[in-house]
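Student: Quick one: sequence plus predicted model below, questions after.
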Amino acid sequence: MRVNIYSQELILEGDCPAGEDIELGFQQSNTGIGYSFVRMFLHSSDKLHHPPEDDDRSAITFWLPKSFERREVLACLFEDMADMVRKAPAETGLD
C-alpha cells in the first residue's frame, strides 16, 4: 500500500506545529487489547465538522508497536525522515 500526502494537505503553520495538529492517544479494542497511536491531522473541509464530538478530520494515524525496542526503531525512522526533509533539494511547486 502507498499513501500519498501532498504538502498542501499538511498543517504547517508556525515554527514547529503542535497542539491540536498532532496527538498521542490510546484506544482499547473490543478484544481488550490497548493500542497507543500518534496522529497528525490534515487540512480538511469545515463542512465535515458539525458538533464538537464528531471529529472526522482527515489524519494520518501511526499505531505504535508494543515493545520499547520496536518503538525506538520507529522513532529513529521518523528522525531519519526529518533529517531527509531538511536535506532535500529545493523544489518547485506549491506550498
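Tutor: Thanks, I have it.
Student: Now do the same contact list for the residue nearest the centre of the chain.
Tutor: For the chain, residue 40 is the residue whose C-alpha lies nearest the centre (CA atoms, centre = their mean; 2.5 Å). Each residue near residue 40 by CB atoms under 8 Å, 6 or more residues apart in numbering is listed here: 10-11, 21-22, 59-60. For every residue, glycine as well, the C-beta is placed using N, CA and C.
Student: can we see that at 6 Å?
Tutor: Residues near residue 40 by CB atoms under 6 Å, 6 or more residues apart in numbering: 22, 60.
Student: Please apply the same query to the one 3 residues further on.
Tutor: If you count contacts by CB under 6 Å, 6+ apart, residue 43 has them with residue 9.
Student: Pull the distance from whatever helix or strand residue 81 lives in to the chain's centre.
Tutor: Per DSSP states H and E: residue 81 is located in helix 68-87. Distance, stretch centre to chain centre, for helix 68-87: 13 Å (CA atoms, centre = their mean, to the nearest Å).
Student: which residues touch it?
Tutor: Under the contact criterion CB under 6 Å, 6+ apart, helix 68-87 has outside partners 64-65.
Student: Correct me if wrong, but residue 27 is in a strand.
Tutor: Yes: assessed with DSSP: H, G, I helix; E, B strand; the rest coil, residue 27 lies in a strand.
Student: Surely it and residue 33 touch.
Tutor: No: proximity of residue 27 to residue 33 does not meet the contact threshold set by CB atoms under 6 Å, at 9.7 Å.
Student: quick one: low-confidence ranges for the protein?
Tutor: 17-18, 46-52, 54, 93 (pLDDT under 70).
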